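Asker: Show me how the following folds:
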Amino acid sequence: MMAKLWIKKVPQKKRKERRKKSIHHCVKSALNLYFEDMDGHDPSDLYELIISQTEEPMLEIVLKQTQGNITRSAEILGINRATLRKKLKKYALE
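Answerer: Have a look, this model is predicted:
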């Protein structure tokens, strides 16, 4: 069962401001903050942490946009349905 997402309506002016920042910029900023918070300590398994922290919400949003249509979601993501199903199972989103 897919988890319900509650997305707050944002005024159009704020949406335009947010669109100026790319996903790349947001991830880069978040990583810089993460390393600042580590206060000189080395993180472990950073790659897996980043993938899991970004992949799960991406899958949730795409599924929401397609009303749970696996075929359409896989097309949007550019992966095959079997791969998508495997990822949904990994994050308990099926």
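Asker: any low-confidence regions in this structure?
Answerer: For the chain, the stretches with pLDDT under 70 are 1-8, 14-19.
Asker: Going along the chain, name the helices of this structure.
Answerer: 12-19, 23-38, 46-65, 70-77, 81-90 (DSSP state H).
Asker: now those in CSV, with mean neighbour count?
Answerer: Yep, even glycine has a C-beta here, placed from its N, CA and C like the rest. Supplementary listing: these in CSV, determined by neighbours: other Cβ atoms under 10 Å:
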stretch, mean neighbour count
helix 12-19, 9
helix 23-38, 11
helix 46-65, 14
helix 70-77, 16
helix 81-90, 14
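Asker: what's the spacing between the closest residue to Tyr91 other than its chain neighbours and Gln12?
Answerer: Distances taken as Cβ to Cβ, 6 or more residues apart in numbering put Glu56 closest to Tyr91, at 4.6 Å, once the chain neighbours are dropped. Distance check for Glu56 against Gln12: by Cβ to Cβ, to the nearest Å, it reads 28 Å.
Asker: Over to Gly78?
Answerer: From Gly78 to Gln12 the distance is 29 Å (Cβ to Cβ).
Asker: Repeat that for Glu60.
Answerer: 24 Å.
Asker: just Arg81 next, same as before
Answerer: Taking Cβ to Cβ as the measure, Arg81 falls 35 Å from Gln12.
Asker: now do Ile76
Answerer: Look at Ile76 and Gln12: by Cβ to Cβ, they are 24 Å apart.
Asker: again, but for Ile23
Answerer: Relative to Gln12, Ile23 is positioned 20 Å away (Cβ to Cβ).
Asker: same question, Gly40
Answerer: 42 Å.
Asker: How about Tyr91?
Answerer: Per Cβ to Cβ, Tyr91 is found 32 Å from Gln12.
Asker: next one: Glu55
Answerer: Glu55 is 29 Å from Gln12, where distance means Cβ to Cβ.
Asker: which residues does the residue lying closest to Leu84 once chain neighbours are set aside contact?
Answerer: Spatial nearest neighbour of Leu84, excluding adjacent residues (Cβ to Cβ, 6+ apart): Ala74 at 4.5 Å. Neighbour list for Ala74: 80-81, 83-84 [criterion: Cβ atoms under 8 Å, 6 or more residues apart in numbering].
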